[in-house]
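> let me see the structure of the following:
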Amino acid sequence: MSPTAGKTILEKFADELLESTRTLVPVPPLRERFDGMELQDAYDIQNTQLQHHLSQGRALAGRKVGLTSPAMQQQLGVDSPDFGFFFADMVHTDNARIPATGFIAPKVEPEFGFVLKESLTGPKVSLERARAAIGAVYPAIEIIDSRIADWDIRLLDTVADNASCGAIAVGSTPLDVNPEDLIDVACSLLIDGQLRESGTGADVMGDPVAPLAWLANTLGEQGVALEAGQLILPGSFTKALPVLAGESATADFGSLGSLTIHFT
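Residues are numbered from 1 along each chain as shown. Coordinates of the predicted model:
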């Protein structure tokens, strides 16, 4: 009997994405192979993968919110955020040397990294409550990658594919900034030291704490809390840029600090 015999189409899609994560061989867009696919279907596919990884002993390190800036929404043709997960073995540090061969077609996004000092349980987390739960703010870079062939994605595809999460890099030193002031913080994305993109905290859903509250409330409706100690990435300041082996990417927060990673 086939290993996929008796499985639903959502379970088969989850299996495909798990296999793609392992082999780095992308799969055709899911939306084109399931007429009537809905957003909850995509999250069910994502959650099936999460539960598989947890059953294999991987440690959940945090969550990411994506598609929070106008630049990213325009880039993917959507008008709402999404979320995904990442594990401890996906988190890199400042000046990390990261093999580009570990991804299919990686891109980088400069972000804040929030380490929570308190748990957040939705669905009624206010902006003020979310802000108070932030223990430290770090410079971060998300490496996004798509298990969907040729980055041919829409919202359903990327949600099912763990919001296109590939890996995370986070600085070793917190940014010297108060969570109250994040709207005005500027960040630039540099590739090999050359300025390529820039934005401010206001470009992240108007306030980079807003995605944190949105995530807590969205997960809270599913009975899931954000736990103290978890790392949360609220979304990119800019559109994502592709990177190749031999290139370096920097999230530059000016006088507040920076983070650089190197692709080998």
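
> going forward, measure contacts between C-alpha atoms and count neighbours the same way
OK.

> after the strand or helix carrying Gly135, next one along is what?
If you go by DSSP states H and E, Gly135 is part of strand 134-144. Using DSSP H and E, the helix or strand that follows strand 134-144 in sequence is helix 155-160.

> which strands or helices does that following helix pack on?
Other helices and strands packing on helix 155-160, by 3 or more C-alpha pairs under 8 Å, 6 or more residues apart in numbering; DSSP states H and E, are helix 39-55, strand 82-87.

> out of these, which is closest to Val65?
Taking C-alpha to C-alpha, strand 82-87 is the member of the helices and strands packed on helix 155-160 nearest to Val65, at 4.3 Å.

> pairing partners for the helix or strand following the closest one, with directions?
For strand 82-87, the following helix or strand on the C-terminal side (DSSP H and E) is strand 91-93. Looking at strand 91-93 with DSSP bridges, its partner strands are strand 165-170 (parallel).

> hmm, Leu241 is touching Pro110, no?
No. Leu241 is beyond contact range of Pro110, at 9.8 Å (criterion: C-alpha atoms under 8 Å).

> more neighbours, the two?
Pro110 (33 against 18; other C-alpha atoms under 10 Å).

> rewinding a little: output the strand holding Gly135 as PDB, restricted to C-alpha atoms.
Taking Å, rounded to 0.1, in the frame of the first residue of the first chain, the C-alpha atoms of strand 134-144 are listed here in PDB:
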ATOM      1  CA  ILE A 134       8.600  42.500  25.200                       C
ATOM      2  CA  GLY A 135      11.700  41.900  27.300                       C
ATOM      3  CA  ALA A 136      14.300  42.800  24.700                       C
ATOM      4  CA  VAL A 137      14.600  43.900  21.100                       C
ATOM      5  CA  TYR A 138      17.300  42.500  18.900                       C
ATOM      6  CA  PRO A 139      18.500  43.100  15.400                       C
ATOM      7  CA  ALA A 140      17.300  40.200  13.200                       C
ATOM      8  CA  ILE A 141      17.300  38.900   9.700                       C
ATOM      9  CA  GLU A 142      14.900  36.300   8.400                       C
ATOM     10  CA  ILE A 143      16.100  34.100   5.600                       C
ATOM     11  CA  ILE A 144      12.900  33.200   3.700                       C
END
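
> for the stretch 1-150 of the chain, give me the ranges with low pLDDT.
Applying pLDDT under 70 to the stretch 1-150 of the chain flags the ranges 1-6, 72, 75.

> quick revisit: winner for burial among the helices and strands packed on helix 155-160?
Between those, strand 82-87 has the highest mean count of neighbours, a mean of 22, where neighbours are mean count of other C-alpha atoms under 10 Å.
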